[in-house]
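Just to be clear, the model below is a prediction. Sequence and coordinates:
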Amino acid sequence: LAETVQWQGQTIVLRPIRPEDGPQHLAFVEQLAPQDLRLRFFSARRELPKSELARLTQIDYAREMAFIAVRPADQGREETLGVVRAVTDPDNIEAEFAIIVRSDLKQRGLGRILLHKMIDYLRAHGTQQLVCDVLPENESMRQLARSEGMTLDRNASSGDALRFVRSLL
Ligand SMILES: CC(C)(COP(=O)(O)OP(=O)(O)OC[C@H]1O[C@@H](n2cnc3c(N)ncnc32)[C@H](O)[C@@H]1OP(=O)(O)O)[C@@H](O)C(=O)NCCC(=O)NCCS
């Protein structure tokens, strides 16, 4: 499931997150602007508890998938640039996803690359529908969702969150 892609003249890798990505993921999260964290997690937060870091990196691949975009860094290490995560219901009808791109790397196409990776994966898995909950003030995500053919599900939306949907069939 790992794949090499060109992004901004660099070679980066898209691959499933692994349990040993904990420290790298923590470093990624620490570089996120509070406002971006709020848009992603729907609540103000300053740091990530250990238990939650474990939940984000040690996932049940049967029901959940998270792809990270990484590039080589110093001393043979790699750094995480962004992540797309989706959780599928037990009947594999619907997958809900969320994306976050490192705050200093936004608006360079990475969010769309990650979303395409997840769409390809879910399609190959036979998942029928894609959904995404977006805060009303999140213009970037609303635009990205619309530009990928997602539409607003008014019945499932409220003032607190807008639900975007799209068929994968
Ligand atoms: C939403 C987010 C993931 C988009 O990632 P990104 O790498 O910045 O987006 P891309 O560069 O791939 O842009 C893809 C499209 O998104 C839309 N978009 C991105 N940034 C935008 C902005 N500031 N204003 C309006 N539209 C924007 C555009 O439609 C853009 O396509 P275009 O460049 O062809 O116009 C990123 O802004 C982010 O991490 N935000 C904070 C966390 C968050 O809100 N996550 C979504 C929760 S579901």
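Received the coordinates, thanks. These numbers come from a predicted model, not from an experiment. Numbering: from 1, shown residues only.

confidence score at the closest residue to residue 22 other than its chain neighbours?
Once its chain neighbours are removed from consideration, residue 22 has its nearest residue in residue 57; the separation is 5.1 Å (C-beta to C-beta, 6 or more residues apart in numbering). (C-beta placed from N, C-alpha, C; glycine too.) Predicted confidence (pLDDT) for residue 57: 96.

wait, residue 57 sits on residue 18?
Yes: with contact defined as C-beta atoms under 8 Å, residue 57 counts as touching residue 18 (7.1 Å).

Can you pick out the residue with more neighbours from these two?
Taking other C-beta atoms under 10 Å, residue 57 and residue 18 do not tie; residue 57 has more neighbours (19 against 14).

For residue 131, give its distance to residue 11.
Note on residue 131: its distance to residue 11, by C-beta to C-beta, to the nearest Å, is 32 Å.

quick one: residue 13 from residue 80, how far?
If you measure residue 13 against residue 80 using C-beta to C-beta, the figure is 10 Å.

cool, and residue 164?
The gap separating residue 164 from residue 80 is 25 Å, by C-beta to C-beta.

Residue 142 too?
When distances are taken as C-beta to C-beta, residue 142 and residue 80 turn out to be 25 Å apart.

Could you give the residue of this protein that lies closest to the ligand?
Here the residue of the chain nearest the ligand is residue 111; by C-beta to the nearest ligand atom that distance is 2.2 Å.

Now do the phi/psi pair for that residue.
Backbone geometry at residue 111, expressed as degrees, to the nearest 10, gives phi -60, psi -40.

burial of it, as a residue count?
When neighbours are counted by other C-beta under 10 Å, residue 111 comes out with 21.

The one 4 residues further on too?
A total of 22 residues lie near residue 115 under the criterion other C-beta under 10 Å.

roughly how far is the biggest strand by length in the chain from the heart of the chain?
If each strand of the chain is counted by residues according to DSSP state E, the longest one is strand 78-88. Taking the mean of its C-alpha atoms, strand 78-88 sits 5 Å from the chain's own mean (C-alpha atoms, centre = their mean, to the nearest Å).

Adjacent strands (with direction) for that strand?
Using DSSP bridges, the neighbouring strands of strand 78-88 in the sheet come out as strand 64-72 (antiparallel), strand 94-101 (antiparallel).
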